[in-house]
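Visitor: Model the structure of this input:
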Amino acid sequence: MFRNLGYLLLAITALTAGLVFYQVSQLNAEPKLALVYPQPRALADFALTDQHGQAVNRERLYGNWTLAFVGYTSCPDICPLTLAKLAGVQPDLAALTEQPLKIWFISVDPKRDSIEQLNNYVSYFEQADVLGMTAGHDQLFPFVRQLGLMYSLSSTTAEDYLVDHSASVALINPQGQLVAMFKPPMQQGELPVIDAQQLLADFPLVLNKLKAG
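Guide: The predicted structure is shown next:
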């Protein structure tokens, strides 16, 4: 009887130790394709306009987790693929946070991306909480740079011009601070597009690192 009790205690001790080890390993696990900043980066105020014609400023970030991506509606590949992937995993990501999680699509092509055009484009991703927005370059450029992203316009006069832009996705916390960056896998011959499954795997690790400070 005592021997069986001893075995039971050993089993409970081993199980407890295993759970503690698992929790510690999860806290220390590093995300594969995400960079977590050592300190949250405060964002200066900005003034954009969303696809409903409503003003978008820093206060619109408060109380939500936000995944921010820059692009333009005429983009032939990276933008629609990235937004489709983000929209597809948005419900699963939102389930991991106490506050709502939103996706911001920031158009850096205001010349072609009118409010109406943005609204039509974002409506394709209505299954997720996606907000489209744009502004003049005087507002766009400093805001995008604050996010650690970039874009570059061509000097061509052709109507079907392309816009170079980042393929990474910035994560902003409910206090309106930049806290992490999700990067696409860089593989020769393939488009730099966010890996949805890797994003799902990395996201809770990022949250754990942020909670740990």
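Visitor: residue closest to the middle of this structure?
Guide: Central residue check for the chain by C-alpha atoms, centre = their mean: the C-alpha nearest the mean position is that of Leu67, 2.9 Å away.
Visitor: Is it correct that that residue falls within a strand?
Guide: Yes. According to DSSP: H, G, I helix; E, B strand; the rest coil, Leu67 belongs to a strand.
Visitor: Please tell me how far it sits from Val130.
Guide: As judged by C-beta to C-beta, to the nearest Å, Leu67 and Val130 stand 10 Å apart. C-betas here are computed from N, CA, C, even on glycine.
Visitor: what residues are shared contacts of the two?
Guide: Counting by C-beta atoms under 8 Å, 6 or more residues apart in numbering, the contacts common to Leu67 and Val130 are 86, 90, 102-104.
Visitor: Format the residues you listed as a markdown table; extra columns: pLDDT and distance to Ser74.
Guide: A markdown table is the format used below for those (pLDDT from 0 to 100; distance: C-beta to C-beta, whole Å):
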| residue | pLDDT | distance to Ser74 |
| --- | --- | --- |
| Leu86 | 96 | 19 |
| Gln90 | 95 | 23 |
| Lys102 | 97 | 24 |
| Ile103 | 97 | 19 |
| Trp104 | 98 | 19 |
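Visitor: Kindly write the PyMOL command that selects the buried subset of these.
Guide: Only the buried entries of these go into this PyMOL selection, using 16 or more other C-beta atoms under 10 Å:
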select buried, resi 86+90+102+103+104
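Visitor: can you pull out the helices in this structure?
Guide: 2-28, 78-94, 115-122, 137-146, 196-212 (DSSP state H).
Visitor: which stretch in the ones you listed has the least confidence?
Guide: Mean pLDDT per stretch puts helix 2-28 lowest among the helices of the chain, at a mean of 46.
Visitor: Centre of the chain to the longest strand along the chain, how far?
Guide: In the chain, assigned by DSSP state E, the strand with the most residues is strand 34-42. Its chain's C-alpha centre and that of strand 34-42 lie 13 Å apart, by C-alpha atoms, centre = their mean, to the nearest Å.
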